[in-house]
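Q: just the structure for this:
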Amino acid sequence: MKKLCSVVNIIPVIAKADTLSEEEVVMLKEKVRQELLENSIEVYDCTADDSDLTQQEMEQIQNKLPYTVIGANTVISKNGKKMLGREYPWGIVEVENPEHCDFSFLKSMLLGTHMSDLQNSTHEHLYEEFRKIQLEANGISSVSRRSPEQIELDTQLEEKQLEIEKMKEQMRILKEQLGISIPVTS
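A: As a prediction, the model looks like this:
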């Protein structure tokens, strides 16, 4: 995992969570978190660039790490509703029930809210860094492979930034002429 975390996004998962008691799940999650820290293993941080999340939501996401999942391929009927799960003599374990495991949260995070961020961070940071290291190891300079669209967008961005700077300078001059002493932020 130490070598992998520099190449891929790692999302720690505890499988077969239905075989563990609630206390065992809490202890195992804490042990995994501790091992990740002690071994300097970086995991995908879905809270890093997400300003839409509140502090409480970010803490909830971090506290769920590593995510517990239950695998089942059996459709069970409960109160007329069909669901994936496992039936035991003492009850039913539902795959999508947040009280039983973190699967529904993990699914919505990976396939919904954070999919594009996960793809971007994997490609732009991890893959490009891996590619650069591999090219340098083979004696090839690491020239960025930017598409024509990316080059055009970068050019437009630079032009807009220059326009903003010119407008800020014009505002500063106007304010000086009018005698207004409000600083222009940069």
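
Q: now do the helix or strand harbouring residue 56, average pLDDT.
A: Counting by DSSP states H and E, the element that carries residue 56 is helix 55-64. The average pLDDT within helix 55-64 is 75.

Q: same question, stretch 4-12
A: 78.

Q: what do you get for stretch 117-135?
A: Rounded mean pLDDT across stretch 117-135 is 77.

Q: how near is residue 124 to residue 148?
A: 18 Å (Cβ to Cβ, to the nearest Å). Every residue, glycine included, has its C-beta placed from N, CA and C.

Q: what of residue 156?
A: Here the distance between residue 156 and residue 148 works out to 13 Å (Cβ to Cβ).

Q: these two: who's more crowded?
A: residue 156 (10 against 7; other Cβ atoms under 10 Å).

Q: the more buried one: which element?
A: Assigned by DSSP H and E, residue 156 falls in helix 148-178.

Q: off-centre distance for that helix?
A: Its chain's C-alpha centre and that of helix 148-178 lie 32 Å apart, by Cα atoms, centre = their mean, to the nearest Å.

Q: quick one: residue 126 is in a helix?
A: Yes - Residue 126 forms part of a helix when assessed by DSSP: H, G, I helix; E, B strand; the rest coil.

Q: what's near enough to touch it?
A: Applying Cβ atoms under 8 Å, 6 or more residues apart in numbering, we find residue 126 in contact with 6-9.

Q: mind giving me the PyMOL command for buried ones among those?
A: The following PyMOL line selects those of the contacts of residue 126 that are buried, judged by 16 or more other Cβ atoms under 10 Å:
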select buried, resi 9
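
Q: could I get the contacts of residue 126 in a markdown table, plus columns for secondary structure?
A: Listed next are the contacts of residue 126 as a markdown table, based on three-state DSSP:
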| residue | secondary structure |
| --- | --- |
| 6 | helix |
| 7 | coil |
| 8 | coil |
| 9 | coil |
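
Q: now for the contacts of residue 126: which two are most distant?
A: Largest separation among these by Cβ to Cβ: 6 and 9, giving 10.6 Å.

Q: how distant is stretch 20-37 from the center of its chain?
A: 21 Å.

Q: buried residues, that stretch. List them.
A: 20, 25, 29, 32-33, 36.

Q: picking up where we left off before, buried sites along the helix holding residue 56?
A: Neighbour-count burial for helix 55-64 [16+ other Cβ under 10 Å]: residue 61.

Q: show me how far it is from its chain's centre.
A: The chain centroid and the centroid of helix 55-64 are separated by 13 Å under Cα atoms, centre = their mean.
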